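Enquirer: curious how this folds, go ahead:
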Amino acid sequence: MDWIELLRTAVAAVLAFVAWPVLIYFLVINTSYLVMIGLATVDFVSHRRRIPFAGREELMRSRTMPGISVVTAMHNEEMGIRVAVESFLSLQHPRHEVIVVDDGSTDNGFEVLRKAFDLVPVTRRMPQDVAVREAPTSIHVPRDGRTRLTVVGKANSGRSDSINVGVNLAREDLVLFVDSDSILDPGALLAVSRPFIEDPVTMVAAGGVIRAVNGCRVKGGRVLEVRMPGSPLADIQVLEYLRAFHLGRAGWSRINALLLISGAFGVFRRDALTSVGGLDANSIGEDFELVMRLHRTLRKQRKPCRVTFLTEPICWTEVPSTVPVLRRQRTRWHRGLWETLWAYRGMLFNPRYGRLGLVAVPYYWIFELIAPLLELVGLVLIALGFALGLVPWQYFLLFMLVAYAYAIIVTLAAVTVEELSFHKYPRWRDLGITLVAAVLENLGYRQLTAWWRLEGWFAALTRREQKWGTMTRSGFTEVDS
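Expert: The predicted structure is shown next:
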């Protein structure tokens with residue numbers, strides 16, 4: 001069995017260099033999550049104190065309230081587009097419009113909207129503030145002349161190009177990007193407008209919380225009852241979204257070093273958007289790329305630039321419910337992460353960009369991009385070393401505690417802070433599902449998504465064709481009463 005001895009020798013040689021660095025890496029990354037939770041907790045406490053003085057009625061009457069153009073691109077979204085548009089139109093705001101760009105759908109999505117809102121064709125010239133690949137082929141508005149809805153038809157050219165078409169047609173000072181499979185809370189626009197009222201000069205973008213609508217009860221474009229999905233795959237994603245949005249991005253926003261606003265729910269000053277050319281239709285991580293471009297461009301121009309995250313405005317979206325769809329999503333996300341970080345590598349450790357270049361960008365390189373590689377390599381090597389008798393049980397136990405038990409504690413801390421602050425899941429059953437999902441996440445799911453992320457990275461390095469793939473929708477769970 002010479003090959004076993006050869007394997008032992010090779011594994012021993014590698015472990016001699018990586019055993020403790022891998023352990024330290026897991027310790028640092030999980031501790032960094034706890035630090036972000038601490039920073040986010042400060043924000044949550046401040047948010048809770050401001051709720052009695054939120055002044056939404058005053059905002060509705062304020063003359064300084066900027067108008068918002070809600071822009072969404074749809075492609076074969078027949079199942080949920082009517083509910084989503086109803087939700088957008090009924091949002092609380094003194095002046096907002098909804099622009100739906102049909103990106104060459106092949107289903108009956110447009111017909112659903114035409115019948116629901118009695119759409120009629122109109123002639124309207126589209127400004128050319130942002131370059132687009134495909135110009136509109138049709139523009140429809142409701143016959144009543146009062147409903148501020150515009151439905152644009154065009155040939156398929158991708159979500160980013162469709163959003164840019166919507167930006168050109170937007171007539172308000174702020175532009176909100178939202179996915180067409182999403183539902184917004186009634187006060188979302190008022191909440192997301194506040195930073196631009198308080199800081200109209202330096203604030204260029206703001207993002208809000210994304211939550212999974214899977215399993216929730218919906219009626220008339222409103223989430224009536226919040227529930228855990230009840231599917232292990234979706235339940236775990238609820239926890240992922242909670243960490244990423246409520247805690248991760250809230251922490252980065254707290255230190256004014258936010259690099260990412262989700263394309264599913266992000267608001268931008270229209271003048272800032274057009275000044276940098278809108279979304280990059282060639283980027284597969286277009287939301288991340290846009291915020292990075294805003295930071296770099298405005299810093300080079302020596303213009304003030306603030307990007308913030310808000311814990312209050314909530315966007316409900318349908319998360320993948322099948323493994324193939326989830327795989328495509330995660331490979332795409334990580335590919336977009338790599339391509340954007342590489343395109344903006346000049347910001348890495350660059351003091352010109354302040355804490356963005358010295359803290360945030362390096363963190364994304366070390367703890368976001370490289371994380372799946374180190375996790376899988378470390379797990380395989382240490383498990384193999386333990387099986388071959390090269391790793392003592394004390395070290396193996398310490399590794400499992402630091403890498404996985406610590407991760408479960410971090411997740412439970414995040415859930416605790418979120419529950420005490422917002423209490424979105426009132427049923428004890430949902431809290432029980434959350435606890436189970438926190439454990440299950442580390443038993444196969446986490447390793448599988450790490451592999452998928454590596455697939456996305458490899459696809460980028462080998463310059464394979466970029467594909468968005470198709471997300472299968474089941475639609476929102478509407479109730480009759």
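Enquirer: give me the element Pro186 is part of.
Expert: Under DSSP states H and E, no helix or strand contains Pro186.
Enquirer: who's the closest spatial neighbour of it, skipping the chain neighbours?
Expert: For Pro186, ignoring the flanking residues on the chain, the nearest one in space by C-beta to C-beta, 6 or more residues apart in numbering is Gln92 at 5.3 Å. Placement of C-beta: from N, CA and C, glycine included.
Enquirer: over to Leu174?
Expert: Leaving out its chain neighbours, the residue that sits closest to Leu174 by C-beta to C-beta, 6+ apart is Ile68, at 4.5 Å.
Enquirer: report the contact partners of the one you found.
Expert: Ile68 sits next to 93, 95-97, 172-176, 189, 192-193, 267 when contact means C-beta atoms under 8 Å, 6 or more residues apart in numbering.
Enquirer: the residues you listed: which two are farthest apart?
Expert: Spatial extent of the contacts of Ile68 (C-beta to C-beta) is set by the pair Glu97 and Val192 at 15.2 Å.
Enquirer: more crowded one of the two?
Expert: Higher neighbour count among Glu97 and Val192: Val192, with 25 against 20, using other C-beta atoms under 10 Å.
Enquirer: distance check, the more buried one against Gly208.
Expert: Distance of Val192 to Gly208, computed by C-beta to C-beta, to the nearest Å: 6 Å.
Enquirer: where do the contact lists of these two overlap?
Expert: Common neighbours of Val192 and Gly208 (criterion: C-beta under 8 Å, 6+ apart): 310, 313.
Enquirer: point to the residue nearest the middle of this protein.
Expert: Ser262 (3.6 Å; C-alpha atoms, centre = their mean).
Enquirer: show me where the stretch 101-250 of the chain has its helices.
Expert: Using DSSP state H, counting those that start in this stretch, the helices found in the stretch 101-250 of the chain span residues 109-117, 159-169, 188-198, 232-241, 250-254.
Enquirer: ranking those by burial, who's on top?
Expert: helix 159-169 (a mean of 25; mean count of other C-beta atoms under 10 Å).
Enquirer: for that one, packing partners?
Expert: strand 68-74, strand 96-103, strand 149-154, strand 174-178, helix 270-275 (3 or more C-beta pairs under 8 Å, 6 or more residues apart in numbering; DSSP states H and E).
Enquirer: will you turn those into a markdown table that also has mean pLDDT?
Expert: Below are these laid out as a markdown table (pLDDT from 0 to 100):
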| stretch | mean pLDDT |
| --- | --- |
| strand 68-74 | 96 |
| strand 96-103 | 96 |
| strand 149-154 | 96 |
| strand 174-178 | 95 |
| helix 270-275 | 95 |
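Enquirer: in a markdown table: the ones you listed, plus distance to Ile382.
Expert: Compiled in a markdown table, the helices and strands packed on helix 159-169 are given as follows (distance: least, C-beta to C-beta, whole Å):
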| stretch | distance to Ile382 |
| --- | --- |
| strand 68-74 | 45 |
| strand 96-103 | 46 |
| strand 149-154 | 52 |
| strand 174-178 | 42 |
| helix 270-275 | 47 |
